[in-house]
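K.L.:
this one's structure only:
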């Protein structure tokens, strides 16, 4: 596991994202970090990250995690991120890799449900338990074929049936940051980002935009800019 790909894609004299330096020493702390970052870049998606061997293993989940066991979410594996990235909330400058607004949507810890995590990752069947602010209980990441782009390994993120299973649309029901309580538009406003673009990732603004007439859409844009 390495941060080389992560570092090659970013200019750290421009973005405030952590550089990570070298990969942290491989260790197995008593509590492993878990974080989901809601990211309004070219498209809205949720970055699902699990700490392992000194880095954050990362998957981009376009529709976000679902607590409904009948719902299988596509999760595209991306480059490992530094552990320090787990606390990053702010704006990546437009024109940079991943340019847009980032929110710490959920955070907590995770526990593997298998004794050999590396073997489970290699096999493409990782079972784990989440202890976070929004997501809880048993989940699985299963590598699959035939979905997504050929350049990135595709997985499915699935909730197991337990007391935390639910049919709720948690992405829309709980849209605010787990650390600051802000919406994407509010993060963009506070951090000097594109408020109008960020607002399209907030459920209230998305719903309003879909229903609005052309005149109302102009009003919605003006409201986002003044937020």
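P.N.:
Thanks, I have the structure now. All values reported here derive from a predicted model rather than from experimental measurement.
K.L.:
tell me where this protein has helices.
P.N.:
With DSSP state H as the criterion, the chain has helices at 4-8, 117-123, 170-173, 184-191, 195-199, 203-211, 214-226.
K.L.:
got any ranges where this structure has weak pLDDT?
P.N.:
For the chain, applying pLDDT under 70 flags the ranges 1, 22-29, 146-151, 205-227.
K.L.:
residue 182 versus the residue nearest to residue 73 when sequence neighbours are not counted, what's the distance?
P.N.:
The shortest distance from residue 73 to any non-neighbouring residue, by CB to CB, 6 or more residues apart in numbering, is to residue 157 (4.4 Å). C-beta coordinates here come from the backbone N, C-alpha and C atoms, glycine included. From residue 157 across to residue 182, the span is 25 Å (CB to CB, to the nearest Å).
K.L.:
report the separation between residue 165 and residue 70.
P.N.:
For residue 165 relative to residue 70 (CB to CB), the value is 9 Å.
K.L.:
so for these two, which residue has more residues nearby?
P.N.:
For residue 165 versus residue 70, neighbours defined as other CB atoms under 10 Å are more numerous around residue 165 (17 against 10).
K.L.:
could you pull up phi and psi at the more buried one?
P.N.:
When read as degrees, to the nearest 10, the backbone of residue 165 gives phi -70, psi 150.
K.L.:
separation between it and residue 110?
P.N.:
In terms of CB to CB, residue 165 sits 17 Å off from residue 110.
K.L.:
cool, residue 64 as well?
P.N.:
For residue 64, the distance to residue 110 - CB to CB - is 17 Å.
K.L.:
cool, and residue 127?
P.N.:
For residue 127, the distance to residue 110 - CB to CB - is 11 Å.
K.L.:
neighbour count winner among these two?
P.N.:
residue 110 (21 against 16).
K.L.:
can you name the residues bridging to that one?
P.N.:
Using DSSP bridges, the bridge partners assigned to residue 110 are residue 32, residue 130.
K.L.:
show me the contacts for the residue nearest the centre of the chain.
P.N.:
The centroid of the chain falls nearest to residue 47 when counting by CA atoms, centre = their mean (2.0 Å). Listed by CB atoms under 8 Å, 6 or more residues apart in numbering, the contact set of residue 47 reads 36-39, 58-61, 78.
K.L.:
what is the burial count for the nearest residue to residue 203 once chain neighbours are set aside?
P.N.:
Nearest residue to residue 203, sequence neighbours excluded (CB to CB, 6+ apart): residue 172, at 4.2 Å. The number of residues packed near residue 172 is 13, by other CB under 10 Å.
K.L.:
try residue 96
P.N.:
16.
K.L.:
repeat for residue 136
P.N.:
If you count neighbours by other CB under 10 Å, residue 136 ends up with 18.
K.L.:
contact partners for the closest residue to residue 136 other than its chain neighbours?
P.N.:
Spatial nearest neighbour of residue 136, excluding adjacent residues (CB to CB, 6+ apart): residue 164 at 4.2 Å. By CB under 8 Å, 6+ apart, the contact list for residue 164 reads 67, 136-138.
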